[in-house]
Each structure stands twice: as structure tokens, then as C-alpha cells.
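Asks: after the sequence you'll find the predicted model.
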Amino acid sequence: MNQHVIRLAKSCLDCHDPSCRPGCPINTPIPEMISLFLDGEIKKAGQMLFENNPLSLICSLVCPHDKHCEGNCVLNKKLSPVSIGEIENYISSRYMNDVKFEKPAYNGNDIAIIGSGPAGIALAIIMALRGYGVTMYDGYDKIGGVLRYGIPDFRMDKKILDQIVEKLVTLGVTIRPNTIIGKNINLCDLQRDGFKAIFIGTGVWSPKKLGIKGESLGHVHFAIDYLKNPTVYNLGKKVTVLGAGNVAMDVARTAIKNGAEEVRIMYRRGKNDMPADYHEIQSAKIDGIKFDFYKSPLEITKEGIKFEYMNGDEKGKEGFENTNSILIAISQNPRDIIVKNNTQIDTNKQGLLITDEFGHTTRKGVFASGDVVTGARTVVEAVAFSKIVAESMEKYIKTID
Ligand SMILES: Cc1cc2nc3c(=O)[nH]c(=O)nc-3n(C[C@H](O)[C@H](O)[C@H](O)COP(=O)(O)OP(=O)(O)OC[C@H]3O[C@@H](n4cnc5c(N)ncnc54)[C@H](O)[C@@H]3O)c2cc1C
């Protein structure tokens, strides 16, 4: 038994009215998890976490805990909070290593899941456990969405996703990779082929553009594209990252770990305006990333970036930064391939799918959750939304039976 994790668990004050649990977007039963663990019931604790959140193990690694559970821990006010993520990680790793699923009896209903990110995987697990025949489609060759092709290896070991694939297959989920829905196969094909309900969890994969001259040059890359396979890029010695959110931190750290000698984040606002989480900024600093504040890019040339100073004595003046490569990390929008090639799927101005709070889209029998509905958010929020969709989808299927 890991003494370190026991010590962490014992630091919990077992509050009468805990604020950690309501601080979690998926309402993780944190006090119950800790007391089961300390009572020697690690398997029960793991099962409880999994039933509440099938991606508990992943969330234990990638959640912004300082904003949610740990940020709400009472100890946070004076000391440091209970390391809830670390405790959850220990329990959920053990559970996922040990648990043996069996394929549930088929209930006669098939559903199609488009997109195998956290939203799609969570729904696939929940519905497969209830006996639904689940087929999951993804445009990529492997499942995981951003978990596989966005979050860098140094933050999350991709073996966890391989373990999830094994569990999905055991539960009877059929995975159809390399298949972009909206191209050759459309929603009406899925409906014709007997799927009683369809789920869209296709995320946001269309990088936002800066809209400045030079953006199409060969040494300019979008962060979300670069992160898919960083080793195929030759960025050179000096790299500039434009943007200061979590994705910018990931891309900057990936570039430096892949051999760039100098990586600078250029941001048009100040240090305290950066949208990235505190611990992501800290990790980037520790990895040697440099920050240039109050510089707004005007034009990209083969030699670097022309920018405008945004404050201080030089405000309004132009400057130039020599750089070998530029990585643009200013968020993403959804792709429109499904919406363009199908009818009755309404979107908002940003192209995000319109749903009600239960995940019904404007097309009957078609549901959605995750980033494609909410815009770029977090893994735990995508999973929490898919739990709601599971209920509404089941209700819907029962009404048409
Ligand atoms: C670089 C990066 C780092 C991040 N780090 C964190 C973090 O540390 N913690 C955190 O909580 N959140 C993080 N996020 C956000 C988080 O990953 C997302 O909120 C989450 O993945 C959304 O899940 P999703 O299932 O909606 O979409 P996605 O994960 O985007 O998955 C969508 C899937 O749909 C597939 N797809 C798209 N269109 C089609 C189609 N037409 N046909 C078939 N398949 C299709 C895609 O290939 C993809 O596999 C990060 C995001 C990025 C970009």
C-alpha cells in the first residue's frame, strides 16, 4: 500500500458539510471515496468512482483540480488542499487494472456514436453497460479525441486509452475507425441501418485563424494540428507561440521537449490576463518557456513576426521578433461537415450544435454533448453532459419502441 497516498487521504478533515464534492462538475463523491479507501475498501471506492464517472482515471490526471474539488477544499483557505486528484488516481488506476467486465445481455437496441473523445467514450461505456449495441465512429485511426491527439504524452500516458479500448471491446462496443461521418456516411444512412438513436460528440477541431498576412506560410502551424504528431515537424531553434491559454502551454512545452532551443509565448495582454490555468503556466515556466506580454501580432514573414506594442512607453509602435516557427494557439471551432451535409441540425453563430439541457439536438433521435455543443471546455464537463444524454437517449428509445 502506498504510504504517501494514505497520508494524503488522512489529511482530509472529513467535513460535516464538504464543499469539495459540489465543487466538482461531475459531483465526485470525494468524502465517501476517502473514507472507503481508509477503511480498506479500495475496490468499492474504485467502483463507486467509475459508476459516477467512467473516465475517473483520466479526470484524476487532467482535471483542473485547483478550480474544482481542490479549489473548494476548506484546507485551501489556510494551508494546501487535500490532493484529491492524486488519491482518485491511485484508486481508479487500481480499479481499471483489476476490473473484469463481461458483455451485458443485448437489449435489442443499437445506437451510433460519432466521435470517440471523452463525450463519446463516456456515453459508449454507459450505454454498453445497459445492454445497448454501441457502434462508435471516428475520423482518426485511434480513439480518444483530444485525449489522444491533443493532450501531450508527458501529461497523460496514452496507455490509459488502450486500456479503455480493451474495456470497450469487452463490453461489446464496435469501433469503426478512419470514418468521417458527414462524408460518405450520413445520419440518414445510420438511421436506415437500424440505429435507434445517434450521438454527435465531434468536438472542436477547426483552429481559429489570426486573420493576418503570412498565416499560410510553411513555418506557421496551428497548435491543434501540431499536437497530433509533433515529431514530424522540424520547427528549428526558435519557436514563437501565439496565444496564452492551456493549449498554448501544451504546445510550447511540447516544442521545447522536442528539441526547440528557445520557445516564447507572445501575448497581446498582460501576465495576469493569461487564460491558462495557474499550474499550466507554472509548468511551462519550469520547462523554460519565456513570455512576451503586450505584443499583438500584425504580420508574419519568413523571418518572424511583426507586432505592435500594446502598453508602456512603446504603445502603438511596431516591433519585430525573429523566429524560425510560429504555433498559433487561439482556440478552435467545430468542423461543419456533419451540419453541412445533413438537414435539421441547427447551430449557433460559432457553429456549435444547439441542444436543450438534456442533449437533444434539433433533429429527432439525434443527441449531442461535449465541446461541439459547449465550445472548448474540459474533459469532466464533457463526461458530465454525456451522463445526462444517456438518460435522455434511453428515455427516447423507450418512447419509440
Ligand atoms: C491541447 C489540448 C489540451 C487540453 N487539456 C485539457 C486538460 O488538461 N484537461 C481538461 O479537462 N481538458 C483539456 N482540454 C479540453 C478537452 O480535451 C476537451 O474539452 C474534451 O476532449 C472534449 O471532448 P469531446 O468528446 O467533446 O471532443 P474531442 O475530444 O474533441 O473528441 C471528438 C472526436 O470526434 C472525432 N470527429 C470529429 N468529427 C468527426 C466526424 N465527422 N466523424 C467522425 N469522427 C469525428 C474527432 O476525431 C475526435 O476523436 C484540452 C484541449 C486541448 C485541445
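Replies: Received the coordinates, thanks. Numbering: from 1, shown residues only.
Asks: show me what contacts the residue nearest the centre of the chain?
Replies: Note on the chain: the residue nearest the mean C-alpha position is Val379, at 4.1 Å, using C-alpha atoms, centre = their mean. By C-beta atoms under 8 Å, 6 or more residues apart in numbering, the contact list for Val379 reads 55, 58-59, 62-63, 118, 146-147. The way it works is simple: take the backbone N, C-alpha and C, and place the C-beta from them, glycine included.
Asks: redo that, cut-off 10 Å
Replies: For Val379, the contact set (C-beta atoms under 10 Å, 6 or more residues apart in numbering) comprises 25-26, 53, 55, 58-59, 61-64, 117-119, 121-122, 145-147, 151, 156, 370-371.
Asks: with adjacent residues omitted, what lies nearest to it?
Replies: Nearest residue to Val379 in three dimensions, chain neighbours excluded: Pro118, at 4.6 Å (C-beta to C-beta, 6 or more residues apart in numbering).
Asks: so for the residue of the stretch 201-350 of the chain found nearest the ligand, what's the pLDDT?
Replies: Across the stretch 201-350 of the chain, the shortest distance to the ligand (C-beta to the nearest ligand atom) belongs to Gly203, at 2.1 Å. If you check Gly203, the pLDDT there is 98.
Asks: for Asp313, give me the pLDDT.
Replies: 89.
Asks: that one belongs to a strand?
Replies: No - the assignment for Asp313 by DSSP: H, G, I helix; E, B strand; the rest coil gives coil, which leaves it out of any strand.
Asks: count of neighbours near it?
Replies: Asp313: 6 surrounding residues under other C-beta atoms under 10 Å.
Asks: re earlier: for the ligand, tell me which of the contacts of Val379 show up nearby.
Replies: Among the contacts of Val379, proximity to the ligand is found for 62-63, 117-119, 145-146, 151, 370-371 (C-beta under 6 Å from any ligand atom).
Asks: contacting residues for the closest residue to the ligand within the stretch 251-400 of the chain?
Replies: Closest contact between the stretch 251-400 of the chain and the ligand, by C-beta to the nearest ligand atom, is at Gly370 (2.2 Å). Contacts for Gly370 (C-beta under 10 Å, 6+ apart) come out as 115, 117-120, 122-123, 145-146, 199-204, 353, 359, 377, 379, 381-383, 385-386, 389.
Asks: try it again with 7 Å
Replies: Neighbour list for Gly370: 117-119, 201, 203, 382, 385-386 [criterion: C-beta atoms under 7 Å, 6 or more residues apart in numbering].
Asks: which of these lies closest to Lys167?
Replies: When the contacts of Gly370 are compared for distance to Lys167 (C-beta to C-beta), Pro118 wins out at 14.4 Å.
Asks: helices or strands up against the helix or strand Ile58 falls within?
Replies: Assigned by DSSP states H and E, Ile58 falls within helix 56-62. Helix 56-62 sits against helix 84-98, helix 379-400, with contacts defined as 3 or more C-beta pairs under 7 Å, 6 or more residues apart in numbering; DSSP states H and E.
Asks: how does it look with 8 Å?
Replies: helix 84-98, helix 159-170, helix 379-400 (3 or more C-beta pairs under 8 Å, 6 or more residues apart in numbering; DSSP states H and E).
Asks: mean pLDDT and distance to Ile326 for the ones you listed - can I get that in a markdown table?
Replies: Shown next, in a markdown table, are these (pLDDT from 0 to 100; distance: least, C-beta to C-beta, whole Å):
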| stretch | mean pLDDT | distance to Ile326 |
| --- | --- | --- |
| helix 84-98 | 97 | 33 |
| helix 159-170 | 97 | 30 |
| helix 379-400 | 97 | 28 |
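Asks: next, format these as CSV and append distance to the ligand.
Replies: Output for those, formatted as CSV (distance: least, C-beta to the nearest ligand atom, whole Å):
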stretch, distance to the ligand
helix 84-98, 11
helix 159-170, 11
helix 379-400, 4
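Asks: coming back round to it: and the contacts of Val379, which of them are in helices?
Replies: Per DSSP state H, helices hold the following members of the contacts of Val379: 58-59, 61-62, 118-119, 121-122, 146-147, 371.
Asks: by neighbours, which of those residues wins?
Replies: Most crowded among the ones in helices among the contacts of Val379, counting by other C-beta under 10 Å, is Ala119 at 33 neighbours.
Asks: surely it meets Ala382?
Replies: Yes - using C-beta atoms under 8 Å, Ala119 is in contact with Ala382, at 4.1 Å.
Asks: need the residues touching each of these two.
Replies: By C-beta under 8 Å, 6+ apart, the residues touching both Ala119 and Ala382 are 201, 369-371.
Asks: residues in contact with Ile91?
Replies: 33, 37, 42, 45-46, 49.
Asks: go again with 6 Å.
Replies: 37, 42, 45-46 (C-beta atoms under 6 Å, 6 or more residues apart in numbering).
Asks: now a ChimeraX select for only the buried ones of those.
Replies: Remark: buried members of the contacts of Ile91, expressed as a ChimeraX selection using 16 or more other C-beta atoms under 10 Å:
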select :37,42,45,46
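Asks: for Ile84, which non-adjacent residue is spatially closest?
Replies: Distance criterion C-beta to C-beta, 6+ apart; nearest residue to Ile84, sequence neighbours excluded, is Cys69 at 4.6 Å.
Asks: any idea how far the one you found is from the ligand?
Replies: 13 Å (C-beta to the nearest ligand atom, to the nearest Å).
Asks: low-confidence ranges, this protein, go.
Replies: 1 (pLDDT under 70).
Asks: please pick out the residue of it most distant from its centre.
Replies: Distance-from-mean max, the chain, by C-alpha atoms, centre = their mean: Asp313 at 40.2 Å.
Asks: for this protein, what lies in contact range of the ligand?
Replies: 62-63, 114-120, 137-140, 145-146, 150-151, 180-182, 201-203, 205, 224, 227, 246-247, 250, 335, 337-338, 370-372, 377-380, 382.
Asks: okay, now the domains of this protein?
Replies: 3-98, 110-205+334-400, 207-331 (automatic domain parsing).
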